[in-house]
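Asker: Return atomic coordinates for the entry below.
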Amino acid sequence: MNKVLFVAPTKYNYPIKEDLKSKFVILSEICKPFVFAFSNKKKTTAVGNTNLILYKKLNSRFLNYLKIIYLFGFIVPKKIKQNQIDIICLQDPVTSYFAIKSLKLRNSKVKIVLETHGDFIETIALEKELLIPSIYKKLFKFFASYSIKNADLIRTISSFTEEQVKVYGYKDNFVRFPAWINLSKFLEAKTIRDKHDDFKIIFVGSVTDRKNPDLIVKAISELDDEISLEIIGPTPNKTYLNELKKSISNSQHKKNILLTPFIAIDELIEKYSNADLFILPSKSEGLGRVVIEAQATGCPVLVSSNTGAVDLIIDHETGYIFENDNLEDLKDKIKNIIDNQQHSVQVGLNGKSFVTQNHTIENFKFGYKKLFDLVN
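Answerer: Residues are numbered from 1 along each chain as shown. Here you go, the predicted structure:
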């Protein structure tokens, strides 16, 4: 059984949550997993047969980048040698540069799998408040290009992420399967999507320019139907949040628009189950696990074109698609769904059937098994 080191700039809260523990259990059925990531505290521990090597994530973005450079460039190669790792799975093309460069300089024989879960170039500029985003983008393109060219195999989660990698000249095969998601609670949720006095719309995700929830607010402002909107998610970009609040204050539906920073998973499932429509209007999106979550509860979904989310949708059958960042098209699609709610309810049920068949834990396990078999 291969020893596999999963390396990511991801932050895992400690103690590790049950859902993440389930993921590690599944991975341990097909390999001997080691996880190198960040947390709220430095910790070396084990979850079942998975070894966790966690470093504390710093609050300063700049200092954390410096820490990533050091850890990925110097500590990761040492862990590979100490634990006789066969395969390294690097889960971000940009930060992977430092680990891959170091491994190549050391003539390491470890097999390199590069994973891409989203837009690794535009995301930071669309989500964070940066002084000179063009400099970040140039650096990220340089780092990502090197990582992609020096990987033995690349795993993607959607057609969108594959196309982005191809821009950097990668011509070999991909292994494509979605990120980990345990849908059992969502699939078991009781549907409470009864007739409401108003048409309930929800958005779930970061309140940023990339996720684009302001477009929903502007679209429904031009509709006279009885509509409520709940925007659920963190607000890392204060400038964008202030612009969103201005749009809400100018909306005829302002009394029925709610901003909710965070809710627990059980409450979120209830929100999906009670909504008439879930909208993800992202300008850029690797796949969008929130779309899968919504579909699993039977909630009709409406997503933007030219994103990975369209891989989940057969238009008007398992969901709906509108033209990316097109206010008029979004408005028209919402109006059409409101006027044809009986059809949209069936579309929601079709979406649930789709994810039930295609986004199983077994499919996730098979994806990694195929990945490890091909890279050896």
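Asker: which SS state does residue 228 fall under?
Answerer: For residue 228, the secondary structure call by DSSP: H, G, I helix; E, B strand; the rest coil comes out as strand.
Asker: Can you list the low-confidence ranges for this protein?
Answerer: For the chain, applying pLDDT under 70 flags the ranges 124-131, 194-196.
Asker: the strands in it, which residues?
Answerer: 3-12, 32-39, 43-47, 50-56, 87-90, 111-116, 153-156, 174-176, 199-204, 227-232, 257-260, 277-280, 301-304, 320-322 (DSSP state E).
Asker: So which bits of the longest one are buried?
Answerer: This means strand 3-12. The neighbour-count check on strand 3-12 (16 or more other C-beta atoms under 10 Å) flags 3-9, 12 as buried. Heads up, the C-betas are built off the backbone N, CA and C, glycines and all.
Asker: coming back round to it: adding distance to residue 337, write the strands of the chain out as a markdown table.
Answerer: A markdown table is the format used below for these (distance: least, C-beta to C-beta, whole Å):
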| stretch | distance to residue 337 |
| --- | --- |
| strand 3-12 | 35 |
| strand 32-39 | 40 |
| strand 43-47 | 42 |
| strand 50-56 | 43 |
| strand 87-90 | 40 |
| strand 111-116 | 32 |
| strand 153-156 | 30 |
| strand 174-176 | 29 |
| strand 199-204 | 8 |
| strand 227-232 | 11 |
| strand 257-260 | 18 |
| strand 277-280 | 6 |
| strand 301-304 | 7 |
| strand 320-322 | 7 |
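Asker: which stretch among those strands comes nearest residue 77?
Answerer: Residue 77 sits nearest to strand 87-90 of all the strands of the chain, at 9.5 Å, using C-beta to C-beta.
Asker: residues making contact with that closest one?
Answerer: Here strand 87-90 makes contact (C-beta atoms under 8 Å, 6 or more residues apart in numbering) with 2-8, 31, 76, 80, 96, 99-100, 103, 110-115, 147, 151, 155, 371-372, 375-376.
Asker: Tell me the buried residues within these.
Answerer: Looks like the contacts of strand 87-90 have 3-8, 31, 76, 80, 96, 99-100, 103, 110-115, 147, 151, 155, 371-372, 375 buried, using 16+ other C-beta under 10 Å.
Asker: if we can go back for a sec, out of the buried residues of strand 3-12, who's nearest residue 328?
Answerer: Minimum separation from residue 328 among those (C-beta to C-beta) is found for residue 9, which lies at 38.3 Å.
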